[in-house]
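Peer 1: only geometry, no sequence info:
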């Protein structure tokens, strides 16, 4: 797995995951929608930690400046 995510992309994903996690914990997000968004938040957090997004590979997107080297 070659890193294909840049720093800004990773930071935004972590921020979104934290916001969704807080809203779920706070009770603002609940039910099926809350669960689905929480799963996406976990995926965002995991992909940020490893700097690799499988979906980016499928569609040919690279936000990492060093990915082409």
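Peer 2: Okay, I see it. As the structure is a computational prediction, the values presented were derived from the model and not from experiment.
Peer 1: tell me the centre residue of the protein?
Peer 2: With distances taken as C-alpha atoms, centre = their mean, residue 44 lies nearest the centre of the chain, 2.0 Å away.
Peer 1: which residues touch that residue?
Peer 2: By C-beta atoms under 8 Å, 6 or more residues apart in numbering, the residues touching residue 44 are 13, 14, 16, 17. The way it works is simple: take the backbone N, C-alpha and C, and place the C-beta from them, glycine included.
Peer 1: which residues does the helix or strand hosting the first one contact?
Peer 2: Which is residue 13. Residue 13 is part of helix 7-26 when elements are defined by DSSP states H and E. Identification of contacts with helix 7-26 by C-beta under 8 Å, 6+ apart yields 5, 29-30, 34, 37-38, 40-42, 44-45, 47-48, 51, 63-64.
Peer 1: if we can go back for a sec, following the helix or strand hosting the residue nearest to the centre of the chain, which helix or strand shows up next?
Peer 2: Residue 44 is part of helix 31-50 when elements are defined by DSSP H and E. Using DSSP H and E, the helix or strand that follows helix 31-50 in sequence is helix 54-59.
Peer 1: tell me the one of the contacts of residue 44 nearest residue 56?
Peer 2: residue 13 (11.6 Å; C-beta to C-beta).
Peer 1: what about the closest one, how many neighbours?
Peer 2: Close neighbours of residue 13, defined as other C-beta atoms under 10 Å, add up to 21.
Peer 1: residue ranges in this protein under the pLDDT threshold?
Peer 2: Flagging of the chain using pLDDT under 70 yields the residue ranges 67-69.
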